[in-house]
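K.L.:
Build me a structure from this.
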Amino acid sequence: MEFIEYLDKAELEILEMVVKAGYKAEENTRLCLLSDSYVGFLKKKEKVIIICTNNVKKKVGYTLLKKKNNDYFQRSALHIKKALRHEAVHVAQECNNGKLLDIDKKLSMRQSKMKALHGSIKISGEEEKERQAYILEDKPRIVKKELKKYCL
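P.N.:
Coordinates of the predicted model:
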């Protein structure tokens, strides 16, 4: 899977924890074709997280011609890491019997994520779970802590 090339140590550990929790990872499935704006999904019943690497690369303008350009790689990596962390939060929520995680109430979501939040709510219908995932997608240490607490 290509998306693994974009991950740092923290995200590789998160992926390993997700797999230990009984989930599989897939890439660029048909779900990714719903819209170029989607970068990840969780299929709860099937216990599968999906990373839409092709959508990320389109989003940042990453093409074969620009592949050697480190800036495009870094921007792609940032989106892919956030997508993995986001979906890992949903895995932790599922491990918590489908409930919200018990995290610090002072943590808040960046205003810049509102459009993405609304798109996610359209798909999942679960506003608070999505909000929590957007809050934590920038916090790999907390994501790992929550996976350990609820899944392992």
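K.L.:
what helices or strands is the lengthiest helix in the chain leaning on?
P.N.:
Criterion DSSP state H: the longest helix present in the chain is helix 70-95. Counting contacts by 3 or more C-beta pairs under 8 Å, 6 or more residues apart in numbering; DSSP states H and E, helix 70-95 packs against helix 9-20, strand 40-43, strand 48-51, helix 53-60, helix 127-136, helix 140-151. From N, CA and C alone the C-beta is placed, and that goes for glycine too.
K.L.:
Buried deepest among these, which one?
P.N.:
Ranked by mean neighbour count, the helices and strands packed on helix 70-95 are led by strand 48-51 with a mean of 23 (mean count of other C-beta atoms under 10 Å).
K.L.:
For that strand, give me every contacting residue.
P.N.:
With contact meaning C-beta atoms under 8 Å, 6 or more residues apart in numbering, strand 48-51 is reached by 1, 3, 18, 23-29, 31-32, 39-43, 80, 83-84, 87-88, 90-91.
K.L.:
ok, it: who's next to it in the sheet?
P.N.:
The pairing partners recorded for strand 48-51 under DSSP bridges are strand 24-27 (parallel), strand 40-43 (antiparallel).
K.L.:
Listing request: residues of this structure with sub-threshold pLDDT.
P.N.:
For the chain, the stretches flagged by pLDDT under 70 are 63-69.
K.L.:
And the residue nearest the centre of it?
P.N.:
With distances taken as C-alpha atoms, centre = their mean, the chain has Ala83 as the residue nearest its mean C-alpha position (2.5 Å).
K.L.:
Flag every buried residue along the longest helix of the chain.
P.N.:
By neighbour count on 16 or more other C-beta atoms under 10 Å, the buried set for helix 70-95 is 72-73, 75-77, 79-95.
K.L.:
Can you spell out which helices and strands pack onto the very next helix or strand once past it?
P.N.:
Going down the chain from helix 70-95, the next helix or strand is helix 114-124, by DSSP states H and E. Contacts defined by 3+ C-beta pairs under 8 Å, 6+ apart place helix 114-124 against helix 127-136.
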